[in-house]
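Asks: Predicted model and sequence below, questions to follow.
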Amino acid sequence: MSGRRPTRLLSAAVVLAGAAVLLAPAFLLSGFHLFQLTMMAVYAVAILGLSLVTGYTGQVSLGHGAFYAVGAYASAILMTDFAWPYWTTLPVAGAMCAAFGFAVGFPALRLTGHYLALVTFALAVAVPQILRAHFAEGWSGGVQGLVIVGPEAPAGLPLSPDQWTYLFTVAVAAVLFALARNLLAGRMRYAMVAIRDQPLAAEAAGIDLARVKTRAFALSAGCTGIAGALGAIAVQFVAPDSFSVQLSIALFVGLVVGGAASLPGAVLGAAFVQFVPNLSELVNKNAPGVVYGVLLVATLFLMPHGVAGALRGAVTSRRGRSNR
Amino acid sequence: MISRRTLLGTAGLAAAAVPPARAHAAEMPGVTDKSIKIGNTNPHSGPASAYGAIANAEAAFFKMVNDQGGIGGRMIEYISRDDAYSPPKTVEQTRRLVEQDGVAFILNGLGTACQTAVRPYMNARKVPQLFVATGADKWGDPAHFPWTMGWQPSYRTEAAIYGKYVLRERPQAKIGVLYQNDDFGKDYLIGLKDGLGDAYAKMVVKEVSYETTDPTIDSQAVSLQAAGADTLVTAATPKWAAQMIRKVADLNWKPLHFISNVSLSVGSVIRPAGVEKAVGVITAAYGKDNTDPQWANDRGMAQWRAFMAKYMPGADINDANHVYAYGVATTLVQVLKQCGNDLSRGNIMKQAASLKDLEIPTLLPGIRVTTSATNFHPIRAMQLQRWNGKAWELFGAVIAV
């Protein structure tokens, strides 16, 4: 009894401190920096989705930009053509992408490793083309895209649209991370990790591979789809050019750099995706790609298990030393 | 002794004097007595990074302006940021330029989708979005977007010029149109209607479209020929324009053939189609072609070459982006000169919309830049040119719409 109370107090304190850290920027930073942090939160949710299927279940997807795009367009079309309030579009975007992901999960049953990576990559290549296509134009706005009116703070709250968008995005992200944490605290995690590490043994142990894989794909796509919707609301614009193959690659890079099977890793990876290109531009304007590449290689060389893995390693080795 | 009255009077004077000074600074964001800050977004990385040359040339141009003493004693500080041709990144970088770097305005931001993404923001904030680098027609819409202005002739203007020419030279023509099924292609249809007016319904015998996913346009070419067209307008991007030129020759069909200005490249259209097969094909131009020997002794192009030699040594002299940037930057310098000492955003926009017959060294003789409060399309004239088997040859007078 006496041992548990301090732990509970401690975790309550951690939650409060975390909430304070997330809320503070809204009142300390300028509109532009808030926009950057909003986008980082969006990418964190997208990478969280990717980590469920690739990091934990071991099914490599190079096509999550496609789910992101579908989520973004679902939200944008509902807002512009049907005048839905922005927040009501999130569940629809999530559900649509989950269904889409579930369908994509089926080929994943037969294909593994680089074959699956290629199939999902094809998805990332195809989706922007489909959005541009003639039959979709009435809805998608074609090449010109759709302009969205951004959210305003609810009446009575003295917040600027930037502050409100940030708080809204971070709140949704926090809920999704909490849900993912709960999911990964239970049996599902063991089933997913078993499939990743020892698929044969997992099957022999009675895990229904088909069920777990398709569900992981559905959850993952749903999560990344909600990120797409949040991104569309924050950017207030969607166009096929917003969701090129580069986006899928960027999400994958974020996943690996952050630490593939780690929730904090998703946040760290999002920071990489959001801020490292700007950093590279600062170093050399004419060859930002080279600087980005060097930074990427250096990160992976120094931290082969991602930033989260390196941090975990640092903490355990220090603990080990102090125990000695 | 200082009387109460003088004290009050002085205080009153001081109070009266201070606010205008403060208002002056607040009304001219990005401008000091010594400098003018200008922002730009361009793809310096990613698949479209070839366009980064435009921003590099503009930076070099403003260095030249500064070396010559700046504008009204103010040095130009030009900041170009990379958006990788991705609209979300354009929003981020544009906001960085406006809110963080504190630029007076954005010049020549590139890409139709990218610039569409920031247009509401720029207009809500009342920051000039000058000389947008895309050929879409929508940038000249002062009624809805008074802070946004294009520069080059739009696709619609170009098509209207074809229409006008056909109406004048071949009033009995039967016109067939091949267009790319998107906003780019549809701008040509609208422009042709502008140029032909009421005659459109009578003269256009067939319109057919293609998708960029189609493997060939052979069947479209055959159906246009079957419709009896003797004049053909191909509103297509390079790959399809090349296919069309080749197919028309293979069908032994000899229409008066117009192809869109975006497809005038010798390397990516004419040579793949066949230099002989393309003989007689017509397109429109507004700028001087830096690879064309006819401008070897031209005064305007000599200015441009001197600039390239001094400020961009080692850069590709055949890259048309450098010529384009020179034209845009020259136009801007005139706008800033017209502003005089009032470099408020409002006045910058007002002066951008008050250009009168401005001659630009890199534009074709007779093509001038003109804007007004209701005309946000700075260049509305082009000249036709015909492929003669070796080069594009200008003919006829400049056609304005």
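Replies: That came in fine, so what should we check first?

Asks: Buried residues, the helix or strand hosting A:Glu281. List them.
Replies: If you go by DSSP states H and E, A:Glu281 is part of helix A:263-283. Under the neighbour-count criterion of 16 or more other CB atoms under 10 Å in any protein chain shown, helix A:263-283 has A:263-274, A:276-278, A:280-281 buried. (Glycine included, C-beta is placed from N, CA and C.)

Asks: Just the CA trace of that helix, in CSV.
Replies: Extracted C-alpha coordinates of helix A:263-283, given in CSV (Å, rounded to 0.1, in the frame of the first residue of the first chain):
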residue,chain,number,x,y,z
LEU,A,263,6.4,5.7,-28.9
PRO,A,264,8.8,8.4,-27.9
GLY,A,265,10.7,7.5,-31.1
ALA,A,266,7.7,8.6,-33.1
VAL,A,267,7.9,12.0,-31.6
LEU,A,268,11.7,12.2,-32.1
GLY,A,269,11.3,11.0,-35.7
ALA,A,270,8.7,13.7,-36.3
ALA,A,271,11.2,16.3,-35.0
PHE,A,272,13.7,15.0,-37.5
VAL,A,273,11.2,15.1,-40.4
GLN,A,274,10.0,18.6,-39.5
PHE,A,275,13.3,20.4,-38.6
VAL,A,276,16.2,18.7,-40.2
PRO,A,277,15.4,19.8,-43.8
ASN,A,278,15.3,23.4,-42.5
LEU,A,279,18.6,22.8,-40.7
SER,A,280,20.2,21.5,-44.0
GLU,A,281,18.9,24.5,-45.8
LEU,A,282,20.6,26.7,-43.2
VAL,A,283,24.0,24.9,-43.8
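
Asks: so for it, what's the average pLDDT?
Replies: For helix A:263-283, mean pLDDT is 91.

Asks: Need the pLDDT of A:Thr165.
Replies: 95.

Asks: Please read the previous query as pertaining to A:Pro199.
Replies: pLDDT for A:Pro199: 89.

Asks: shaky segments in the stretch 201-324 of chain A?
Replies: A:320-324 (pLDDT under 70).

Asks: Which parts of it are strands?
Replies: Counting by DSSP state E, counting those that start in this stretch, one finds strands in the stretch 201-324 of chain A at the ranges A:237-238.

Asks: which parts of it sit against chain B?
Replies: Counting by CB under 8 Å from any CB of the partner chain, the residues of the stretch 201-324 of chain A close to chain B are A:231, A:235-242, A:244, A:246-247, A:277, A:281, A:285-286, A:288-289, A:292.

Asks: tally of neighbours for A:Ser61?
Replies: As a burial measure, A:Ser61 scores 31 neighbours (other CB atoms under 10 Å in any protein chain shown).

Asks: residues touching it, list them.
Replies: A:Ser61 is in contact with A:Leu50, A:Val53, A:Thr54, A:Leu116, A:Ala117, A:Thr120, A:Ser220, A:Phe252, counting by CB atoms under 8 Å, 6 or more residues apart in numbering or on different chains.

Asks: 7 Å instead, please
Replies: Going by CB atoms under 7 Å, 6 or more residues apart in numbering or on different chains, A:Ser61 touches A:Leu50, A:Val53, A:Thr54, A:Thr120.

Asks: and the residue lying closest to it once chain neighbours are set aside, how many neighbours?
Replies: Distance criterion CB to CB, 6 or more residues apart in numbering or on different chains; nearest residue to A:Ser61, sequence neighbours excluded, is A:Thr120 at 4.3 Å. Residues near A:Thr120, counting by other CB under 10 Å, number 27.

Asks: one step back: elements contacting the helix holding A:Glu281?
Replies: Judged by 3 or more CB pairs under 7 Å, 6 or more residues apart in numbering or on different chains; DSSP states H and E, helix A:263-283 is in contact with helix A:31-50, helix A:161-183, helix A:245-258, helix A:288-302, helix A:306-323.

Asks: Any chance you could list what contacts it?
Replies: In contact with helix A:263-283 (CB under 7 Å, 6+ apart) are residues A:36, A:39-40, A:43-44, A:47-48, A:51, A:177, A:180-181, A:250, A:253-255, A:257-259, A:288, A:291-292, A:295, A:306-308, B:81-82.

Asks: can you give me the angle that helix makes with helix A:288-302?
Replies: For helix A:263-283 against helix A:288-302, the angle by axes from the mean of the first three to the mean of the last three CA atoms, to 10 degrees is 140 degrees.

Asks: just to confirm, which helix or strand has A:Arg189 in it?
Replies: Element membership for A:Arg189, per DSSP H and E: helix A:187-197.

Asks: What helices and strands are in contact with that helix?
Replies: Checking 3+ CB pairs under 7 Å, 6+ apart, helix A:187-197 ends up next to helix A:199-204, helix A:209-235.

Asks: and the ones you listed, which is most packed in?
Replies: Most buried of the helices and strands packed on helix A:187-197 by mean neighbour count (mean count of other CB atoms under 10 Å in any protein chain shown) is helix A:209-235; its value is a mean of 26.

Asks: Which neighbouring elements make contact with it?
Replies: Using 3+ CB pairs under 7 Å, 6+ apart, the elements in contact with helix A:209-235 are helix A:31-50, helix A:64-81, helix A:89-110, helix A:161-183, helix A:187-197, helix A:199-204, helix B:87-95.

Asks: Burial-wise, tell me which of these comes out on top.
Replies: Mean neighbour count (mean count of other CB under 10 Å) peaks for helix A:64-81 among those, with a mean of 28.

Asks: if you average pLDDT over it, what comes out?
Replies: On average, helix A:64-81 scores 95.

Asks: does it come close to chain B?
Replies: No: figure legend: helix A:64-81 not in contact with chain B (CB under 7 Å from any CB of the partner chain); closest approach 9.5 Å.

Asks: now the residues of the stretch 201-324 of chain A next to chain B: which count as buried?
Replies: So, by 16+ other CB under 10 Å, the buried ones in these are A:231, A:235-242, A:244, A:246-247, A:277, A:281, A:285, A:288-289, A:292.

Asks: The residue most central in space within chain B in helix, strand or coil?
Replies: Chain B has B:Gln152 as the residue nearest its centroid, 2.7 Å off, counting by CA atoms, centre = their mean. Secondary structure, DSSP: H, G, I helix; E, B strand; the rest coil: B:Gln152 is coil.

Asks: which residues does it contact?
Replies: Shown in contact with B:Gln152 (CB under 7 Å, 6+ apart): B:Gly135, B:Tyr286, B:Ile379.

Asks: try 8 Å this time
Replies: Counting by CB under 8 Å, 6+ apart, B:Gln152 touches B:Ala133, B:Gly135, B:Tyr286, B:Tyr324, B:Ile379.

Asks: and what of B:Tyr121?
Replies: So B:Tyr121 contacts A:Gln236, B:Val91, B:Thr94, B:Arg95 (CB under 8 Å, 6+ apart).

Asks: quick one: what helix or strand has it in it?
Replies: Taking DSSP H and E as the criterion, B:Tyr121 maps to helix B:112-125.

Asks: B:Ala160 too?
Replies: Under the criterion of DSSP H and E, B:Ala160 resides in helix B:155-169.

Asks: Tabulate the contacts of A:Ser61 in TSV, adding columns for pLDDT and distance to B:Ile317.
Replies: Shown next, in TSV, are these (pLDDT from 0 to 100; distance: CB to CB, whole Å):
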residue	pLDDT	distance to B:Ile317
A:Leu50	96	46
A:Val53	94	50
A:Thr54	94	47
A:Thr120	92	44
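
Asks: between the residues you listed, which is closest to chain B?
Replies: A:Leu50 (17.7 Å; CB to the nearest CB).

Asks: Not counting sequence-adjacent ones, nearest residue to the residue nearest the centre of chain A?
Replies: Note on chain A: the residue nearest the mean C-alpha position is A:Ala46, at 1.6 Å, using CA atoms, centre = their mean. Using CB to CB, 6+ apart and skipping residues adjacent in sequence, the residue nearest A:Ala46 is A:Ala227, 3.7 Å away.
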